[in-house]
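Undergrad: Let's see this in three dimensions:
(one chain, ligands or ions: 1)
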Amino acid sequence: MTVHRDHSLKSFNTFGVEARAAHFATAENLDTLKSLLQTFSKDSITILGGGSNILLTQDLPGLTLHIGLKGISIVEEDDLQVLLEVQAGEQWHDLVLFCLDHNYGGIENLALIPGQVGTAPIQNIGAYGVEIKDVLDSCVGLHKTSLDLKTFDLEDCAFGYRDSVFKQSLKGQYLITSVRLRLRKKNHVLKTNYGAIAQVLKDDGITDPNIQDVAKAVIDIRQSKLPDPKQLGNSGSFFKNPVIAQNQFDDFRVQQPAAPFFEMGQGYYKIPAGWLIEQAGFKGYRQGDAGVHEHQALVLVNHGTATGQEIWALAQNIQQRIKEVFGITLEPEVNLF
Ligand code: EPU
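TA: The predicted structure follows:
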C-alpha cells in the first residue's frame, strides 16, 4: 500500500477541478482499508468513490481514501433470478454492461450513470423511473472507527429520493464495501414510460424491446442531453429537483401554469430544477469557466480551468435567483467539500 503526499485530485473528480489531498491512498482490499482507517483519525478521512458526485472547493486535509475493491460474483441463482454481489470499487456502468451481457435485467435504465458501485446506495442513484433501491437486496458497510462490518437490508437503508440512511443518521460513519442486487434472468419488467424512452424505441422501429434495447435508448438520451465528463467536466445534476407542499404548489401553478411537475402523493409535488433554472435565463450561462450546460440546465460544467469555488459561486448565484423568482429553495445534489 502506498500513501502519497500532496496528491492532485484533478483526475479523481469528474468536474476536473484542481484540489490537493494532504495524503492519498487507494485501498484494493479490506485489510488495506482497515489498516488505513486505523492509521488516520476518522474525522480527517475523506472517502472517494468515482468522484462523480462531488465538488471540491478546497484542498483536503488528512487522508483521501480511494476505494478500489473489485469483483462481481454470483451468490445464488435459480431459473428466474440471480443475486449478484458487487464490490464497491467497480464502475457502475461496467456493472450495467456486465448485466446486459448476461441478460440480467433490472438496472438497464441506469446505464451510463458515472461513479462507483459503493456510492450508488448512498444517494440512491436513479434515472428514467428506476432507482437502485428497486433491485437492492442489501449492502455491507465498514464502520470507520470500530471497523465492524454490518449488513444493511433494504429497510435499514431508509431510501428516499436521492437519499438514504448513509446521508442522514449514519452520515460519515460507514463506508460501503459491497452491494447485493437481485436481478431477473427472464420475464424482464421493462420501464419505458419515463421521459423519452418509448419515443426513442419507436423511432428505432423497436416494437418488442429487450433490456439491451432499453439500455441503448437510455444511453442515446443521456448522450444527447448530458455532457461526457471526459470532454466537459461536470457532476451530473448539480441540484435536486425541489419538492414542495400543496399550498406552495397552488401558488406556483397560478404564477407558472406551463411548468412541468410530478405529483408525489400526500400533497407533495416535485418541480424539475432544470426547468426553473432555464426559465430564470441561466441555460448556457457562464461565469468565467464555470457554466450551466447548454442542453440541460441542471448540470453545471467546468469549461476548462474553473475552480471549485468558482463553480460554487455560480451555484449560489442560481440558488439566490431561483429563490427570488419562484420562492423555491434549490438544494445541491452533489456533495461539497
Ligand atoms: N427541463 C427543462 N430545461 C432543462 C432541463 C430540464 O425545461 O434545461 C425540463 C424537461 O423538459 C422536463 C423536466 O425538466 O420536463 C425534467 O427533465 P429530465 O427528464 O431531463 O430530468 P431531470 O429532472 O432534469 C432527473 C435526474 C437525472 C436523471 C433524469 C432522468 C435529479 C436531480 N436528476 O433529471 O439524474 O438522469 O431525471 O431520469 O433527479 C443525476 O442525478 O446526476 C442525474 C443526471
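
Undergrad: When you work out contacts or count neighbours from here on, use the C-alpha atoms and nothing else.
TA: Will do.

Undergrad: counting contacts, what elements does the host helix or strand of residue 176 pack onto?
TA: In the assignment (DSSP states H and E), residue 176 maps to strand 174-184. Counting contacts by 3 or more CA pairs under 8 Å, 6 or more residues apart in numbering; DSSP states H and E, strand 174-184 packs against strand 81-87, strand 136-143.

Undergrad: Strand partners (parallel or antiparallel) of the shortest one?
TA: Just to be clear, that refers to strand 81-87. strand 72-77 (antiparallel), strand 174-184 (antiparallel) (DSSP bridges).

Undergrad: Nearest to the ligand, out of the ones you listed?
TA: strand 174-184 (19.3 Å; CA to the nearest ligand atom).

Undergrad: got the CA positions of that closest one in PDB?
TA: Extracted C-alpha coordinates of strand 174-184, given in PDB (Å, rounded to 0.1, in the frame of the first residue of the first chain):
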ATOM      1  CA  TYR A 174     -19.900   3.800   7.300                       C
ATOM      2  CA  LEU A 175     -18.000   3.100   4.100                       C
ATOM      3  CA  ILE A 176     -19.800   0.800   1.700                       C
ATOM      4  CA  THR A 177     -17.700  -2.200   0.700                       C
ATOM      5  CA  SER A 178     -20.100  -4.300  -1.300                       C
ATOM      6  CA  VAL A 179     -23.700  -4.300  -2.600                       C
ATOM      7  CA  ARG A 180     -26.000  -7.200  -3.400                       C
ATOM      8  CA  LEU A 181     -28.500  -6.800  -6.200                       C
ATOM      9  CA  ARG A 182     -31.400  -9.100  -7.100                       C
ATOM     10  CA  LEU A 183     -31.900  -9.200 -10.900                       C
ATOM     11  CA  ARG A 184     -34.100 -11.100 -13.300                       C
END
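
Undergrad: OK, contacts around residue 307?
TA: 17-18, 57, 290 (CA atoms under 8 Å, 6 or more residues apart in numbering).

Undergrad: ok, now with 6 Å
TA: residue 17 (CA atoms under 6 Å, 6 or more residues apart in numbering).

Undergrad: Please renumber the chain so that the first residue is 21 from this point on.
TA: Done: numbering now begins at 21, and the last item shifts to residue 327.

Undergrad: Touching, residue 354 and residue 71? I think so.
TA: No. If you go by CA atoms under 6 Å, residue 354 and residue 71 don't touch, sitting 10.1 Å apart.

Undergrad: need the residues of the protein near the ligand, please.
TA: Selection of the chain residues close to the ligand by CA under 6 Å from any ligand atom yields 147-148, 215, 256-257, 259-261, 280, 292, 294-295, 298, 315-318.

Undergrad: let's see it at 5 Å
TA: 147-148, 256-257, 260, 292, 294-295, 316-317 (CA under 5 Å from any ligand atom).

Undergrad: domain assignment for the protein?
TA: 24-87, 92-204, 253-356 (automatic domain parsing).

Undergrad: of all the ones you listed, which lies closest to residue 233?
TA: domain 92-204 (8.9 Å; CA to CA).

Undergrad: what about the residue located most distally from the centre of the chain, which helix or strand?
TA: Farthest-out residue of the chain from its mean C-alpha position, per CA atoms, centre = their mean: residue 274, at 33.0 Å. Assigned by DSSP H and E, residue 274 belongs to helix 266-275.

Undergrad: Name the strands paired with the following helix or strand past that helix and say parallel or antiparallel.
TA: Using DSSP H and E, the next helix or strand after helix 266-275 towards the C-terminus is strand 282-285. The pairing partners recorded for strand 282-285 under DSSP bridges are strand 288-290 (antiparallel).

Undergrad: how about the next helix or strand after the strand holding residue 196: buried residues?
TA: Remark: after strand 194-204, the chain's next helix or strand is helix 217-223, criterion DSSP H and E. By neighbour count on 16 or more other CA atoms under 10 Å, the buried set for helix 217-223 is 217-218, 220-221.

Undergrad: between these, which is closest to the ligand?
TA: For the buried residues of helix 217-223, the nearest to the ligand is residue 217 (10.0 Å; CA to the nearest ligand atom).

Undergrad: Need the nearest residue in space to that closest one, chain neighbours excluded.
TA: residue 237 (5.9 Å; CA to CA, 6 or more residues apart in numbering).

Undergrad: Can you report how many residues neighbour the one you found?
TA: Neighbourhood size, residue 237 [other CA atoms under 10 Å]: 23.

Undergrad: which SSE is it in?
TA: Residue-wise, residue 237 maps onto helix 231-245 under DSSP H and E.

Undergrad: Residue 66 now?
TA: Take DSSP H and E as the rule and residue 66 turns out to sit in strand 65-68.

Undergrad: chain center to that strand, what's the gap?
TA: For strand 65-68, the separation from the chain centroid amounts to 16 Å (computed by CA atoms, centre = their mean, to the nearest Å).

Undergrad: same deal with stretch 96-112?
TA: 19 Å.
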